[in-house]
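**Student:** next one to model:
(5 chains, ligands or ions: 5)
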Amino acid sequence: MQAENTAISIEKVVKNFGAFTALKQVSLQIQNGEFFTLLGPSGCGKTTLLRLIAGFESTSQGKIFLFGDEIENLPANKRPINTVFQHYALFPHMDIRDNIKFGMRMLKFSKQDMDHRADEMLELVQLSHFSQRKPHELSGGQQQRVALARALAPRPKVLLLDEPLSALDLKLRQSMRAELKQIQQETGITFVFVTHDQEEALAMSDRIAVMSAGEVQQVGTPKAIYDQPANSFVADFIGETNLLDATVEQVNQEAMTCCLDNQVRIQCPNSVASDQSQQIKLSIRPERLSFSAPDKALMTGHICQKTYMGTDTQFVVDVGQGLLVKVRAQNNLVSTDELHQGHQVGINIDAAFARVLVN
Amino acid sequence: MQAENTAISIEKVVKNFGAFTALKQVSLQIQNGEFFTLLGPSGCGKTTLLRLIAGFESTSQGKIFLFGDEIENLPANKRPINTVFQHYALFPHMDIRDNIKFGMRMLKFSKQDMDHRADEMLELVQLSHFSQRKPHELSGGQQQRVALARALAPRPKVLLLDEPLSALDLKLRQSMRAELKQIQQETGITFVFVTHDQEEALAMSDRIAVMSAGEVQQVGTPKAIYDQPANSFVADFIGETNLLDATVEQVNQEAMTCCLDNQVRIQCPNSVASDQSQQIKLSIRPERLSFSAPDKALMTGHICQKTYMGTDTQFVVDVGQGLLVKVRAQNNLVSTDELHQGHQVGINIDAAFARVLVN
Amino acid sequence: AGELKLYNWSDYMPQELIDKFSSSYDVTVIQDSYDSNETLLARLKSGVTGYDVAVPGDYMVAIMIEEGLLDKVQPHTLENFKHIKEELVDVYFDPGREYSIPYQFGTTSFMVDTNAYSGDIDTLAILFDTPDELKGKVNMFRDVNDVINAALRYKGFETCNSNRAELAEVNDLLLEAKSDWLSITSDGAREMVVSGDAAVSMIWNGMGLRGRLEKPSLQYAYPKEGMTAWADNLVVLKGAENRDNALLFMNFLLEPENAAALTNFAGYTAGVNNTAPFLMDELKNAPELNPPADAPTAEFVPPCSPDVVALYDRIWTNLLK
Amino acid sequence: MKHTDLKRYPGFRLITWVCLTVLYAPMLVLAVYSFNSVRSITHWSGFTFDWYLKVFQNPSIQKATLNSLTIASTAAFTATLVALLAALALVMGKPFRGRTATLTFINFPIMVPEIIVGIASLLFFIAINFELGMQSILIAHTVFCIPFAFLPIYSRVKSIERYYSEAAQDLYASQLACFRLVIFPMILPGIVSGFLLAFIVSLDDFIITNMVAGPGSTTLPLTIYSMVRVGFTPEINALSTLLLLVSIILVSLVYLINRRSTPKT
Amino acid sequence: MDKSLPKTSALLAPAITIILVFLAIPILTLMTYSFLQPATYGGIEWIFSLDAYVQLFFEEDFLTEEWVFNSDYLVIILTSIMLALIATLCCLILGLPTAYFIATRPPSTRMLWLMAVIVPYCVNLLIRTISMLFIIRDQGPINSFLIWTGLIDAPLQIAYTNFAVTLGLFYSYLPFMILPIYVAVERFNFSLLTAANDLYASKWASWQYVLLPNLKPGIIAGCLLVFIPSLGAFIAPDLLGGGKQLMIGNLIALQFQGSRNWPFGAALGMVLMAMIFIVLIVFSKRNSQEARS
Ligand SMILES: Nc1ncnc2c1ncn2[C@@H]1O[C@H](COP(=O)(O)OP(=O)(O)OP(=O)(O)O)[C@@H](O)[C@H]1O
Ligand SMILES: Nc1ncnc2c1ncn2[C@@H]1O[C@H](COP(=O)(O)OP(=O)(O)OP(=O)(O)O)[C@@H](O)[C@H]1O
Ligand SMILES: NCCCCN
Ligand SMILES: [Mg+2]
Ligand SMILES: [Mg+2]
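**Tutor:** Ligands and ions are numbered 1, 2, ... in the order given. Coordinates of the predicted model:
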């Protein structure tokens, strides 16, 4: 069942905590060398899945394979997998260097090897001159880098990262993203990255698994997930979207025509097997809507809220029948300045990117 | 010095903590009824300024006027100013209703008045059915609303809010923003809002004061601050920007021509008195750069990084001489899919929005 | 009316007798206790004030008079003074009884559990050269003079001895003997032997008597090397706030019936005449109160000179440390 | 389970039970034998309440109980009051040089061995000609109760963030109103546990009391001690069991108060 | 503008005054007395003298009346230290696992376990010692039980020995060891154990390299809290040692009762205080050094 190149294969894994099921039949293949992200709201089971892979918990059902071998009976301290913990979990009584050396010491690396590798890691995370400091003498971002170095030092086959950036402030988080991604590319190690921040997931990952309530909702590249959400949960959770109720009017192999509540008809790609008259939801991203002269527009409405956001401006437009749509315009395009609350506007839809969802 | 309509006027206020100067000659006018935001990085003195206005600290130098009256000698409990504290500071031993009534009790409102107003406030923040609960029985967002109701109940002339949203999680924070803004508009009370989150500031404020290291860097509407940053600190702190070194080649009243390090010339509005040959910085927002065919472009380069961000994609383009520029393209426009790392691209600049900065 | 603050040996006064006095004279009696003459002196010297009456032993009365701790209350004016046994009126420590009246008197020796040891017990060797069966089963008094005097007698030396060479020997003897001892306590002595924690214990005759009544295998020893006799006395302390009640109490205790009640409780000989009709039967022929003919005469030991006291203190401290 | 809990170490539960047994067995046995119908400490020969009746009828025990309660409540009250003021000053007052030193000084009485406190107090009272008795015990107890009352109050006051009093002032409360309506109710649990702790400590003290007691001021522990010296009786067991009960009730009270009042965050 | 509560100094005054007058000055009095000469039947003579301190090391020989070196008091002091150390060690050996075990209970039951440890801590020391004496006596339940089972035929001598004193100290102060370690364990960040495990450490390697070093402050505090009162103990040696096993606390008391040598007692008190302060200072120095680094 596992391809040649699979680093981790998770097969129908269930995890129960007493009566509560945290993971329901999760299956996933993680490729060797990829940056794989588990994305989902708080409590959806991301950490639980990570802990199963690391070996801190055991599965209730199902199997986990590491490069083809079942690892159920391998205790955590024997798995060639290391973890970067959310709050780093640096050993407070050891200096940075000793922290980094810890895993190698436990693996009984030779002293020489250990020292050499520690230097290498310190350099990698650019903390060579801090090697004598204790963790609490470092800033959050520096601590985060130590945690990374410590986990990388014993040359694990897979690195697990549990929301490593969530404790950092905005600017730092943004710069650490780039750094992490770069280190992953340099080392070629498989990263399994956990986050609940969609922006982070989109920006960093090769592939993303979107999870909700213990189930994997969709696995795919950032683009696939953003543009072709599998269901309304994914559509709503990743980025902002207009989720519009509609009825199917015509269907063929490639396209379908849907009628919105305000009687506007939209022709969009057929992504699901659905029958005529079926009630569906259309997910259309705000940036796929654009303003135009009312006469050239698909529908018209008046602006009822305008929020300036720097790069772009978001409008909420009432298009009749109580239907509110969000329109996002980058501030370089339309003269967003001239549009104000109350104005009548025409709206066009880039229908190729409308997505039909049945649940 | 104060206009008719000024709620709070801060004049050359200095605040020293021992040898450390937390505020250096800060002057600000806050209009009656506006949503005024103090924005700045951690430690820049936002809280300190708020505490001076509230009366928890006294100024080292300078004066603070409230509707024209100097309030230096008015103790905190006599100022018609209320505060929503960062951690809410709800009285844990009182139920929600008693918390809300506290201020009115101290002001000796009549019992009837007090009850009536409490009901009104509970309704305003939609917590009527929780009035008997103790604070710890509410969620973070609900507590935040109680803090707001408590501060609004005695009808203060000015409401101070110290990062009221920072303890909430992302989704909740976004919805509370709208709520806060709406309450401000309904009550018409002057809000002085503190945050270090630029997105929050841009989305909510009428005017923003950007602070750094105890000094006000710029005061203006969100748009003014985003589009016409006064200096490179503001340009960098608010949103993302390309800060490019350039030399002034020609200057006249309205426009100037600047030469970038890669010899590309840009004609942009003259916003500062600057001489020919002067070294300046050009701040150009990534969304003001756009791709075009290389032959029609202002400059050319190759893509060295591409980050998919859902709504848009950010590219880092090497335009020669080691000059890297960020280009942000909304995903509905250019077919961002077709541009990849390594591609040669042409770049145009919406030069009307380039901003010349001298510091 | 009023109060009476009594400082007494522990386990030396029946509650009933106190109640009787309290109700007859409407006096609230407060009683605290001590375990040796030395503790009494130390407490009083350290400035503990407020007690009205105390019960020092013979030599201690002498010391307390000298130290100015006693009130010269002239007890011979008391109505019941006449009951005092003749030989106890003109005592060396208080000739003519100007400060004190007799309380009870008796002897200090030791007691052996004959179940644990069947040999001859009438020798101080039991304490100082303990037979194997009794090793680690000996309780000694927490009292400088009783212990050192016994050791001096065992060695055949004079009591109140300032001969440093002899005292050095006594010192060595005690240190050596100590390893065979179990404990050093006075007021718990009876409990120790009755419960079986100790098989031998230094003991006063009355206390021994009460112990034997509880545990018949106990036997009071009359060591051939000699033993100490003592006589406790009721005194009024200088500065007593309730001097009148103190005198009432003195008079009360000289009443033969009341003196007999003391004897019935504590088991020692009363200092007044005519107690016989009130005494319990068990006391009449008790071996503890009626020494056999061949027993040595018990010896009163007068206060020793300050330098001797100092040397005794040193031996005692050496022993305890 | 294949993956054992990392927190668990084998044998620790057993050791814990050993500890608890060591801690409780003696007291339990003592309590059980207080119901023994004969005076023996060895043999169990039937159940009786007689010894408890005896305890209640014994006038010197009654007097000692009264003394103990008087002293404990007065000393604990004074100590609590004094400690409260000090805690408020140290937390809410302006920072000053020597703050740490002051803190150490207030906790000084716990750091000095009891035997030394006892003897030093005794010598001091004698030196200034202070009559030993209830007052001297009271003073000595107040001194060593202060840190015990202080610790819970201090930690409670310290846990109250500055912003609560600021919030009160912001809402127009004067300083007095702020203390009365906000600070005091919030630190009340600390005050109560401080008082109860001081009360227990005073009620239980033997060594210091033994040194500075005078005639008629015998407290319960002193009475028990002098009774034990003479010999073990079930009466002592009964009395000890009673005192044990009082301590347990008070400790449980402190615990309950603390638990009920700690807001879950 | 002064925005603080009433004058800090006024609020502090009562506490400071009470402790100053009724504890600090008495201890100074005690110190003064240690430099005076004893009066015959107790009390002091106002003559400056270092005899009390000399007496710690030297005594007048019975025969030659010369001052010769005397190790007896040193031995008592050393014995006290030994007994206190052994008691501390026993408390540590049993207390550490117990504290750890309790602190790792689920929160719902943790408080009950903790209460179980706190209750004896608040029970009268005297009563606890008495109950210990009660059960270890020759006729006590332990010996009766052992005899009944036939394991022994004569009672084991436990009471009135150094062993009993140590047992008593251990029993008296065990909760003092458990509580601070409990606090340390509760504060311990257990994700560190997970991290160690993740980095290939076995259970006992984690214990050694991660847990113990992090619990050190609690362990040290616990050891101090047991060692210090044990060193100055009075009740346990008095009741359980049968008046024969003296510790420095009893030796001090003795000087004010039977032996009536106040200056010497005062000097011993000063020695005890000095020992305790040295221990405290050494550890607080080390602690603050660690905190700083
Ligand atoms: N040891 C446990 N016992 C019982 N329930 C647990 C346990 N660990 C996790 N859970 C439950 O399992 C669910 C998933 O938890 P998990 O920690 O995996 O969520 P998560 O996706 O990592 O969330 P977050 O983003 O908040 O970290 C939650 O509802 C949680 O309450
Ligand atoms: N009471 C004080 N004593 C000494 N320094 C202080 C005090 N209060 C604030 N400061 C210092 O003044 C500076 C400004 O603090 P302030 O709390 O106003 O920052 P801020 O902008 O609110 O930051 P944040 O976003 O972290 O809340 C900081 O460097 C802080 O350390
Ligand atoms: N129990 C008291 C005995 C008194 C001996 N002097
Ligand atoms: Mg998680
Ligand atoms: Mg702040």
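**Student:** tell me where the stretch 1-150 of chain C has helices.
**Tutor:** Along the stretch 1-150 of chain C, counting by DSSP state H, counting those that start in this stretch, helices occupy C:15-25, C:37-45, C:58-66, C:125-128, C:144-155.
**Student:** name the next helix or strand downstream of the longest one, please.
**Tutor:** Using DSSP states H and E, the helix or strand that follows helix C:144-155 towards the C-terminus is helix C:164-178.
**Student:** direction included, what does the helix or strand that comes right after that following helix pair against?
**Tutor:** Next helix or strand after helix C:164-178 toward the C-terminus (DSSP H and E): strand C:181-184. Here strand C:181-184 is paired, per DSSP bridges, with strand C:138-140 (parallel).
**Student:** now mean neighbour count, mean pLDDT and distance to ligand 2 too, for the helices of the stretch 1-150 of chain C, in TSV please.
**Tutor:** C-beta here means a position set from N, CA and C on the backbone, and glycine is covered the same way. Shown next, in TSV, are those (neighbours: other Cβ atoms under 10 Å in any protein chain shown; pLDDT from 0 to 100; distance: least, Cβ to the nearest ligand atom, whole Å):
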stretch	mean neighbour count	mean pLDDT	distance to ligand 2
helix C:15-25	15	93	68
helix C:37-45	22	87	57
helix C:58-66	21	93	68
helix C:125-128	22	94	75
helix C:144-155	23	94	66
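**Student:** low pLDDT regions in chain E?
**Tutor:** Applying pLDDT under 70 to chain E flags the ranges E:1-6, E:258-259, E:289-293.
**Student:** could you pull up the residues touching residue D:140?
**Tutor:** Counting by Cβ atoms under 8 Å, 6 or more residues apart in numbering or on different chains, residue D:140 touches D:117-118, D:121, D:208-209, D:212, E:22.
**Student:** and those, which two are the farthest apart?
**Tutor:** Farthest apart among the contacts of residue D:140 by Cβ to Cβ are D:209 and E:22. That separation is 14.5 Å.
**Student:** counting neighbours, what do you get for the residue in the stretch 101-250 of chain E positioned nearest to chain D?
**Tutor:** For the stretch 101-250 of chain E, the residue closest to chain D is residue E:232, as judged by Cβ to the nearest Cβ, at 2.9 Å. Neighbours of residue E:232 under the rule other Cβ atoms under 10 Å in any protein chain shown: 24.
**Student:** now the strands: where do they sit in the stretch 201-350 of chain A?
**Tutor:** Along the stretch 201-350 of chain A, counting by DSSP state E, counting those that start in this stretch, strands occupy A:207-212, A:215-220, A:242-251, A:255-260, A:265-269, A:279-284, A:289-292, A:299-308, A:312-318, A:324-330, A:344-349.
**Student:** and the stretch 51-200 of chain A, by the same measure?
**Tutor:** Counting by DSSP E, counting those that start in this stretch, the strands of the stretch 51-200 of chain A are A:61-66, A:69-70, A:81-84, A:158-162, A:190-195.
**Student:** turn the ones you listed into TSV, columns for mean neighbour count and distance to ligand 2.
**Tutor:** Shown next, in TSV, are these (neighbours: other Cβ atoms under 10 Å in any protein chain shown; distance: least, Cβ to the nearest ligand atom, whole Å):
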stretch	mean neighbour count	distance to ligand 2
strand A:61-66	17	43
strand A:69-70	10	49
strand A:81-84	27	26
strand A:158-162	23	26
strand A:190-195	24	24
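**Student:** distance to chain E and mean pLDDT for these - can I get that in a markdown table?
**Tutor:** As requested, the strands of the stretch 51-200 of chain A are arranged in a markdown table below (distance: least, Cβ to the nearest Cβ, whole Å; pLDDT from 0 to 100):
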| stretch | distance to chain E | mean pLDDT |
| --- | --- | --- |
| strand A:61-66 | 14 | 94 |
| strand A:69-70 | 18 | 92 |
| strand A:81-84 | 5 | 94 |
| strand A:158-162 | 8 | 95 |
| strand A:190-195 | 13 | 95 |
